[in-house]
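> Fold the following, please.
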Amino acid sequence: MKKLILCALAILLSLWACQKPYQTKIDLGVNHEQIILPSAEEGHCFITVYSNGSWTIKISPSVSWARLDRSSGEGIAYPRLDYEENLDGVERVATVVVEGQGKKCEIKITQPME
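Okay, here's the model as predicted:
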C-alpha cells in the first residue's frame, strides 16, 4: 500500500513540476491612463507595462524636462520616468506612448507649476 501511495505522489509531483511558467494573456496594457505628478519638484515615477511580447515606449512629443530609462522591453516591466523641477511658471504636459502587438497605449503626464 505504501508503494502505491508513493508512486501516486511521485506521479503527481512530476506532473506539477512540468507546468508552464505563468505568462500574461494581455497583448498590451499600462497601469494608468493619466499620471498627475505630485509637485513641481524633480522626481521620478514608474509605469507598469503589461504585454505578452515586445513593446516600445517613448515620450511624444519629445520634451526636455522628462525622460524614460529605456525605449523598449518585453513582457511585464516597470520603466522609470524621471522629471525635472518645473520652473516654467505653467503646468507641463507630455504623453508617454507604449506600442506593441499591434496596439498602442497613451498615458498623459501632467506636472503642476510651482
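> ranges for the helices of the protein?
In the chain, the segments counted as helices under DSSP state H are 2-17.
> in it, what secondary structure element scores lowest on mean pLDDT?
helix 2-17 (a mean of 63; mean pLDDT, DSSP states H and E).
> neighbours of R92, just the number please.
18 (other CB atoms under 10 Å). Yep, even glycine has a C-beta here, placed from its N, CA and C like the rest.
> Excluding covalently adjacent residues, which one is nearest to it?
In space, and not counting its chain neighbours, R92 is closest to Q111: 4.5 Å by CB to CB, 6 or more residues apart in numbering.
> my read: that neighbour touches E91, true?
Yes - A contact is recorded between Q111 and E91 when judged using CB atoms under 8 Å, the distance being 6.9 Å.
> These two: who's more crowded?
In this comparison of Q111 against E91, neighbours counted by other CB under 10 Å, the higher total goes to Q111 at 27 against 12.
> Is it correct that E74 is in contact with W55?
Yes - under the criterion of CB under 8 Å, E74 lies in contact with W55, with a separation of 7.1 Å.
> Looking at the two now, which is surrounded by more residues?
The neighbour count for E74 versus W55, taken as other CB under 10 Å, is higher for W55 (24 against 12).
> Look up the residues forming beta bridges with the residue lying closest to that one once chain neighbours are set aside.
Among residues not flanking W55 along the chain, G100 sits closest, at 3.1 Å (CB to CB, 6+ apart). G100 has these beta-bridge partners by DSSP bridges: K103.
> mind checking pLDDT for G100?
The predicted local confidence for G100 comes out at a pLDDT of 96.
> pretty sure it contacts T56?
Yes - judged on CB under 8 Å, G100 makes contact with T56 at a distance of 6.6 Å.
> Between these two, which is the more surrounded one?
For G100 and T56, the more surrounded residue by other CB under 10 Å is G100, and the numbers stand at 20 against 14.
> which residues does the more buried one contact?
Residues near G100 by CB atoms under 8 Å, 6 or more residues apart in numbering: D27, L28, S51, G53, S54, W55, T56.
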